[in-house]
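Peer 1: Have a look; sequence and predicted model below, questions after that.
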Amino acid sequence: MATYQLKIAHLYGDLMNTYGDVGNILAMDYYAKQMDTDISTQLVSLGDHFDPNDFDIIFFGGGQDFEQTIVAQDLPSKADAITEFIEAGGPTLAICGGFQLLGQYYIGADGEKITGTKSMSHYTKNQKDHRFIGDTIIKDEQTGEVYHGFENHQGMTFLGDDEAPLGVVSEGAGNNGQDGTEGVHYKNVYGTYFHGPILTRNGDIAKHLLVEALKRKYPNQDFSAQANMEIPATF
Amino acid sequence: MSLRSGVATAVGKSSYWFLHTFMHGGSSLPGKLATRIDPELLKTLGKNYDVIVITGTNGKTLTTALTVRVLREKYADVLTNPTGSNMEQGIVGTFLHAKRSKTGRPLAVLEVDEANVIKVTQYIKPIAFVFTNIFRDQMDRYGEIYTTYKKIIDGVKLAPEATIIANGDAQLFNSVDLPNPKIFYGFNHQEQGDMMAPTNTDGILCPRCEHVLHYHFMTYGNLGDYFCPNCGFSRPALNYAVTKLGKMTPTASQFELDGAPYQIGIGGLYNIYNALAAYAVGRFLDVTPEQIRAAFTSDERVFGRQEVIHVGDKDVTLILIKNPVGVNQVIDMILTEPEPFSFVGLLNANYADGIDTSWIWDGEFEKLGAAGTGDNPQIKAFLTGGERYKDITFRLNVAGVADPSVEPDLTKIIAKIKQLPTQKVYVLATYTAVLQLRKQLANDGLIKEGMDA
């Protein structure tokens, strides 16, 4: 057994699991092992109670339209707890539909307005008969880190004034194809349209999530070795 | 035949002859030329046939080939389309170069791409549809499983009298009320328990009440004896069933259908579904169980996509992979290999492969990692390659294969395969990687060129 233990809440993992998003959990597990850390994952789905104090990381993947509407119906019962986790600095990774559902609302394929958890200020509109599909490259202007992904989405997301993008688009469409932003980085939340999956191609983001989670759970320990770990390029 | 259809047929036939004679191939161009002259040509060409349309995500090709084999035991004249010609123009081309039947009304067993079902039923009223399954495929092209099924249903609605012969273990095929007569096939080989699908499975919501489905047992993917504990929705009664599984290796499967023994010269649970579908069509058209049993073993070349190629002293099995459920079935199948073997993974991301490689993360490569570690591992060596060798290499790293050999250059893969430590080698490759490797193998004189050896 490793020295440290972290527990991931896999939000609606039985319904929100498109495009290899589960690879993000595999990647966190892979890098956690190199940090002397064991990862356990628990599915939190329809009708389940979510207690933010039970978990160190939230992972919320993307889903198909039908599944996403079912998830949205269950989400109000967990919305406050999710917001509490995020506001307290809980490390969170949200992909595609998960990213949309942590915001204010999104407009579905048939024009219906679907309410999110309202944990963050972004919102998502729908574009008719068009999807953003293809390889994407973005750059985090603060850290200089470059991230690679594959986007495949119909939604057009617009960030709020209190939200920074995960990166600035140098290839691909990003959040909405208009303002050059991709994803969101708010407190310790990483939201994105990247599949690929994002953490298997961009191990540095996995490292950030894990180190933040370790610091929160073990406040008296020194994790500078983990934070300085070199992540070799995988893409 | 109208004058227009006559001209169209003549143009189609002569261009087929030209392409076949001088260009060694070409099954979609004649159809393209002919339908440009007469867009309704399929109506004229198909009206003398009893047509069976086979569609679904996985298993179309082998189900079609096996069904043809089964039906030929009883019927003299069974037309089918060649592998890969499963869109409208390929189907027109198939009818164009069919020989005229001498024995009355012939059958046509057509593998049809999901989105092209409607392009067939606009002109032809089939006697039956066969639905194999619907899984996540290359989603950059086809979208969600519900969208895919809707495309099929849109086509089926134009032929309400055709019998639907569907995989009863797939809940999606029980989600829309259709007036057609229905026959269901599936598995009934296990005691009934109560379980839920693994987390990373799609299509598990009850179509009636939107609760998560349970299963009495599962076979693979989202297939099994499903039921909804909330509203009572459940699997329909099966007309034809696998009642027992016997010995399974990568090259042979033994099983019972409706209590009688059968075998096929190929491994993999998914191929038993294909055989079961062919059996159901055969029984529907009064082929006897004895004839079906004979058909399953009459010609092993029907399983051609999974041939064994001799490379030096190696027995190399080359297997096409294209989506998560498919690759998981292939992984389970190769792990039934009784001898130690080496694993080769070749990943490309061209249009025909799917340009998004994310799907490999839905594949259970961890099973390969587990089989490649320990004191005396079943898998002795791992080799990766293809244009996206970095993706497949890191997939194996995360699956517990610390240090696979990497060969980005596909022209050097054959040399690397010759150096592997085992006689048995399994190569899993995406579509264009299969084509590229086959070209290399053909250049080296190890196989004849082409996809359908």
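Peer 2: Received, thanks.
Peer 1: Would you mind listing the residues in contact with residue B:104?
Peer 2: Contacts of residue B:104 were listed using C-beta atoms under 8 Å, 6 or more residues apart in numbering or on different chains, and they are residue B:77. Yep, even glycine has a C-beta here, placed from its N, CA and C like the rest.
Peer 1: what separates residue B:35 from chain A, distance-wise?
Peer 2: Taking C-beta to the nearest C-beta, to the nearest Å as the measure, residue B:35 and chain A are separated by 26 Å.
Peer 1: show me the contacts for that residue.
Peer 2: Applying C-beta under 8 Å, 6+ apart, one finds that residue B:35 lies in contact with B:8, B:41, B:42, B:88, B:89, B:92.
Peer 1: On the three-state scheme, residue A:199 is what?
Peer 2: On the three-state scheme (DSSP: H, G, I helix; E, B strand; the rest coil), residue A:199 is labelled helix.
Peer 1: Could you report the neighbour count for it?
Peer 2: Residues within reach of residue A:199, counting by other C-beta atoms under 10 Å in any protein chain shown, total 29.
Peer 1: likewise residue A:156?
Peer 2: Residues near residue A:156, counting by other C-beta under 10 Å, number 21.
Peer 1: That one is in what secondary structure piece?
Peer 2: strand A:155-158 (DSSP states H and E).
Peer 1: Indicate whether that strand makes contact with chain B.
Peer 2: No. Applying C-beta under 8 Å from any C-beta of the partner chain, one finds that strand A:155-158 is not in contact with chain B, the shortest distance being 14.2 Å.
Peer 1: average model confidence for that strand?
Peer 2: Mean pLDDT, taken over the full extent of strand A:155-158, equals 96.
Peer 1: Only alpha carbons, please: show that strand as CSV.
Peer 2: Taking only C-alpha atoms (Å, rounded to 0.1, in the frame of the first residue of the first chain), the coordinates of strand A:155-158 have been written out as CSV:
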residue,chain,number,x,y,z
GLY,A,155,-22.2,23.1,-27.8
MET,A,156,-20.8,26.6,-27.8
THR,A,157,-19.7,27.6,-24.3
PHE,A,158,-19.1,31.2,-23.2
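Peer 1: can you pull the buried residues of that strand?
Peer 2: Within strand A:155-158, the residues that qualify as buried are A:155, A:156, A:157, A:158, counting by 16 or more other C-beta atoms under 10 Å in any protein chain shown.
Peer 1: Look at the closest residue to residue A:133 other than its chain neighbours and give its secondary structure.
Peer 2: Take residue A:133 and drop its neighbours on the chain: the residue closest to it by C-beta to C-beta, 6 or more residues apart in numbering or on different chains is residue A:152, 4.9 Å away. Classification of residue A:152 by three-state DSSP places it in strand.
Peer 1: Just the closest residue of chain A to chain B, please.
Peer 2: residue A:23 (2.9 Å; C-beta to the nearest C-beta).
Peer 1: and the strand holding residue A:156, what other elements does it pack with?
Peer 2: Packed against strand A:155-158 by the contact rule (3 or more C-beta pairs under 8 Å, 6 or more residues apart in numbering or on different chains; DSSP states H and E) you find helix A:97-101, strand A:105-107, strand A:123-126.
Peer 1: Distance from the chain centre to the shortest one, please.
Peer 2: Averaged C-alpha coordinates place strand A:105-107 at 17 Å from its chain's average position (C-alpha atoms, centre = their mean, to the nearest Å).
Peer 1: what do you get for the first one?
Peer 2: Here helix A:97-101 is found 8 Å from its chain centre; the criterion is C-alpha atoms, centre = their mean.
Peer 1: any idea how far the nearest residue to residue A:165 once chain neighbours are set aside lies from residue A:99?
Peer 2: Ranked by C-beta to C-beta, 6+ apart and with sequence neighbours excluded, the top spatial neighbour of residue A:165 is residue A:181, at 3.6 Å. Using C-beta to C-beta, to the nearest Å, residue A:181 is found at 12 Å from residue A:99.
Peer 1: Mind checking which of the two has more residues around it?
Peer 2: With neighbours defined as other C-beta under 10 Å, residue A:181 and residue A:99 compare such that residue A:99 has more, 32 against 21.
Peer 1: What separation do you get for the more buried one and residue A:128?
Peer 2: Computed with C-beta to C-beta, the distance linking residue A:99 and residue A:128 is 21 Å.
Peer 1: picking that back up, between the buried residues of strand A:155-158, which is closest to residue B:379?
Peer 2: Ranked by distance to residue B:379 (C-beta to C-beta), those are led by residue A:155 at 41.5 Å.
Peer 1: thought that closest one was touching residue A:100?
Peer 2: Yes. Taking contact to mean C-beta atoms under 8 Å, the distance of 5.6 Å between residue A:155 and residue A:100 places them in contact.
Peer 1: quick one: common contacting residues for those two?
Peer 2: Residues touching both residue A:155 and residue A:100 comprise A:106, A:124, with contact defined as C-beta under 8 Å, 6+ apart.
Peer 1: Strand partners (parallel or antiparallel) of the strand holding residue A:156?
Peer 2: Using DSSP bridges, strand A:155-158 pairs in its sheet with strand A:123-126 (antiparallel).
Peer 1: residues in contact with the partner strand?
Peer 2: By C-beta under 8 Å, 6+ apart, the residues outside strand A:123-126 that reach it are A:100, A:103-109, A:111, A:154-158, A:160, A:176.
Peer 1: go with 7 Å
Peer 2: Residues external to strand A:123-126 that are found in contact with it (C-beta atoms under 7 Å, 6 or more residues apart in numbering or on different chains): A:100, A:103-109, A:111, A:154-158.
Peer 1: Is there proximity between stretch A:220-235 and chain B?
Peer 2: Yes. Counting by C-beta under 7 Å from any C-beta of the partner chain, contacts between stretch A:220-235 and chain B involve A:234, A:235.
Peer 1: And what about residue 89, helix, strand or coil?
Peer 2: Reading this off chain A. Secondary structure for residue A:89, judged by three-state DSSP, is coil.
Peer 1: could you do chain B instead?
Peer 2: Secondary structure of residue B:89, reduced to three states by three-state DSSP: helix.
Peer 1: Report the contact partners of residue B:49.
Peer 2: Shown in contact with residue B:49 (C-beta under 7 Å, 6+ apart): B:79, B:106, B:107, B:108.
Peer 1: Since that was my last question, I'll sign off now.
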